[in-house]
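# What would the 3D arrangement of this be:
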Amino acid sequence: MKRVSLLFLLVLAAIPAAAQSLDWSAPGSTGVADDGTVSSGLYIFSGASFAVKSNAIATIEARYPVTNTYGSATSKTPAWSTLKMTYSDNSSTAGSVVAALMEVDKCSATETQLCSITSADGDGSITCDVCTWNGGLDFANHAYYVDVTITKTDTPAAPKLYQLAIY
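Next up, the predicted model:
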């Protein structure tokens, strides 16, 4: 047993410190749909994506709880400062994907938006955008979630969320 433990510690020590600090990520299909969105039946979770159904016109919303994957035993304050959104948007006016990182004070329940990304109008190709904020996250005093709103005002539009990440 000592050999296995020693070998594990040697392998762990060989990994650079940056590789040991994990970030947070979530596929679009893992969101918790808003009650109004659920009752409308106008959204679809498919594979990794979250989107408005192809034959529907709607605004839908989902939330993605952020957990401290850095490790509460290691630190309750990871230095993460970047939100990344992977999405597609094929319309210049009829569709969009918006992701906002929200901080919730554990005592007062006050919510603060740390940063927000709005999809760039494009040809429907999958792309990534980021936003940054100062100060990292403080899981000792706050909870966090990413609020995603997808808007589709015409059926040819096909905005989709594929992934969120915080690092």
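# Checking I44 next. Helix, strand or coil?
strand (DSSP: H, G, I helix; E, B strand; the rest coil).
# Tell me who's in contact with T112.
By Cβ atoms under 8 Å, 6 or more residues apart in numbering, the contact list for T112 reads M102, E103, D105. (Glycine included, C-beta is placed from N, CA and C.)
# cool, S46 as well?
Contacts of S46 (Cβ under 8 Å, 6+ apart): S29.
# ok, how many other residues are close to R63?
As a burial measure, R63 scores 14 neighbours (other Cβ atoms under 10 Å).
# ok, what's across the strand from it?
Taking DSSP bridges as the rule, R63 bridges to V32, D147.
# on that earlier part again, now list the buried members of the contacts of T112.
M102, E103 (16 or more other Cβ atoms under 10 Å).
# May I see the contacts of T112 organised as JSON lines, with distance to S75 and secondary structure added?
Below are the contacts of T112 laid out as JSON lines (distance: Cβ to Cβ, whole Å; DSSP: H, G, I helix; E, B strand; the rest coil):
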{"residue": "M102", "distance to S75": "21", "secondary structure": "strand"}
{"residue": "E103", "distance to S75": "17", "secondary structure": "strand"}
{"residue": "D105", "distance to S75": "19", "secondary structure": "strand"}
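# Can you tell me which of the contacts of T112 is closest to G41?
Closest approach to G41 among those (Cβ to Cβ): M102, at 25.7 Å.
# Just the strands from this protein, written as ranges.
24-27, 32-33, 43-46, 49-52, 58-66, 82-88, 95-105, 111-118, 127-132, 142-152, 160-166 (DSSP state E).
# most neighbours per residue, which of those strands?
strand 49-52 (a mean of 24; mean count of other Cβ atoms under 10 Å).
# Name every strand pairing with that strand and say which way it goes.
Going by DSSP bridges, the partners of strand 49-52 are strand 43-46 (antiparallel), strand 160-166 (antiparallel).
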